[in-house]
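Asks: Predicted model and sequence follow; I will ask about them next.
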Amino acid sequence: MTTVLVIDDSPSEMAKFRDMLAKNNFQVLEAANGEEGCAMAIEHLPDVILMDVVMPEMNGFQATRKITRGKTTSHIPVVIISTKNQETDRVWGKRQGAKEYLTKPVDEAELMRIIRSVTE
């Protein structure tokens, strides 16, 4: 079973991702901020990470950079999912190491396609 780590500080967004992923047979791990997400990535080595950008303390760009450049976590694909929809945000996210950049609200079919494409 594919394990997905969702890093998002919004309880309502987390619930949406949890429901979407569970019904598509993914195991879901949850982190409420970038620091916690980085620690969980090291501890659990998930198959893919869904990363919010706007979070307190360590934002999603910083956490993506830390994960994609970490010795034990650099192989884990990170998909940024954010309300920030400017082209500069998309470019910056990819420069931090994200494989894909989606904007909220996320289309379930598109999200499943992206997860499968980055984990194959």
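Replies: Yep, it's here.
Asks: what residues are up against the residue nearest the centre of the chain?
Replies: The chain has Leu50 as the residue nearest its centroid, 1.5 Å off, counting by CA atoms, centre = their mean. Going by CB atoms under 8 Å, 6 or more residues apart in numbering, Leu50 touches 4-8, 17, 79, 81. For the C-beta atoms, the positions are set from N, CA and C on the backbone; glycine is no exception.
Asks: Next: Glu35.
Replies: 57-58, 63.
Asks: Which parts of the chain are helices?
Replies: With DSSP state H, the ranges of helices along the chain come out as 11-23, 34-44, 60-68, 87-95, 108-119.
Asks: circling back: of the contacts of Glu35, buried ones?
Replies: Buried by 16 or more other CB atoms under 10 Å: 58, 63, out of those.
Asks: in stretch 24-38, what counts as buried?
Replies: Result for stretch 24-38 [16+ other CB under 10 Å]: buried residues 26, 28-38.
Asks: My read is that Met58 contacts Gly34, right?
Replies: Yes. With contact defined as CB atoms under 8 Å, Met58 counts as touching Gly34 (3.2 Å).
Asks: hey, what's in contact with both of these two?
Replies: In contact with both Met58 and Gly34: Lys66, using CB under 8 Å, 6+ apart.
Asks: For Thr73, give me its contacts.
Replies: 38, 41-42, 45, 67.
Asks: Fine, thanks again, bye for now.
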